[in-house]
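Chemist: Generate coordinates for the sequence data below:
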Amino acid sequence: MARVVELAYYPVKGCAGSAVRQAVLTPAGLAHDRSFMVVDEQGVYRTQRRDPRLALIVPVIGADGLRLTLNAPGREPLAIDVDTDGPRRHVDLFGAAFLGIDQGDDAADWLSTVLAAPSRLVRVPPEHHRVTDGRTPGTSGYADSCAVHLLSRSSVDLLNGKLADRGTAPVPTDRFRPNIVVGGWDEPHTEDRVRRITVGTAELGYAKTAIRCAVTVVDQLTGARDGPEPLRSLAGYRRAREGGVAFGAKFAVLRTGTLSVGDELTVGAWGETEL
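Modeler: Numbering: from 1, shown residues only. Sure thing, here's the model as predicted:
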């Protein structure tokens, strides 16, 4: 029986996540997921691909989304009132133009010090409109693409078995930054074939496989790049037709609701893997 074994959301894109026992699923994913983003002086998004120290920043957002605290090793925490209606500024996410609400100079100074690079913090404005791609269209905040990233524990176990065969240490699930981790699917990569899922009071529709990048080689505890794994091993058995390596799947939200660790997943439709 497939069940949710982990839930996490990531308030600030690229920064550490928050593990939770229960979450509200909105049209844009788990509540507060990737609703903030760190940008450079030109408004271009920062990512662990270029700024791995983002992993050291631990954001904590209040349930109402109106108070954000930023934490990092060696720095005093910074708490700010979230600005939800200030002036908009243009931001760039993977070359696409969006708007963001700047969260002020205190947040900018704090982030610039931690990252050793001029940075500012922006929030998704209420009128944010983004249509995500894939088999099931949807929306999201500042996520790389779709609203929900789902990964099965058996997929991670298979990868770690291959790493062990190479004499390499296992990688934790947080390297892949999923929102939902599923246990109980005995066959690895079952998530590739799922097309509709009911979980809790919510429903998800499959969009596409998750193409992995250099973020997976960043140790999420140290903020340092940690060699070629797991990308090297994934390249040996998870090559995607369009290029890159696939691990996990992206979903759009078909019905909002509440989901919890322990909830059973009911698959409403299956399909063929895209690999």
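
Chemist: For G223, give me its contacts.
Modeler: G223 sits next to P52, R53, L54, A55, L56 when contact means CB atoms under 8 Å, 6 or more residues apart in numbering. Any C-beta I mention is one placed from the backbone N, CA and C, and that applies to glycine too.

Chemist: just P170 next, same as before
Modeler: N160, L163, A164.

Chemist: Identify, from those, the entry nearest to G183.
Modeler: Of all these, N160 has the smallest distance to G183: 14.7 Å, by CB to CB.

Chemist: Count the neighbours of the closest one for me.
Modeler: 18 (other CB atoms under 10 Å).

Chemist: Out of the contacts of G223, which two are the most distant from each other?
Modeler: P52 and L56, at 8.6 Å, using CB to CB across the contacts of G223.

Chemist: The contacts of G223 into TSV, with extra columns for pLDDT?
Modeler: Formatted as TSV, the contacts of G223 follow (pLDDT from 0 to 100):
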residue	pLDDT
P52	97
R53	97
L54	98
A55	98
L56	98
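
Chemist: can the residues you listed go into TSV with extra columns for distance to N71, neighbour count and secondary structure?
Modeler: As requested, the contacts of G223 are arranged in TSV below (distance: CB to CB, whole Å; neighbours: other CB atoms under 10 Å; DSSP: H, G, I helix; E, B strand; the rest coil):
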residue	distance to N71	neighbour count	secondary structure
P52	17	22	helix
R53	13	20	helix
L54	13	26	helix
A55	12	22	helix
L56	9	20	helix
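
Chemist: out of those, who's nearest V91?
Modeler: V91 lies nearest to L54 out of the contacts of G223, by CB to CB, at 15.8 Å.

Chemist: Work out which residue lies at the spatial centre of this structure.
Modeler: Residue closest to the average C-alpha location in the chain (CA atoms, centre = their mean): R177, at 5.0 Å.
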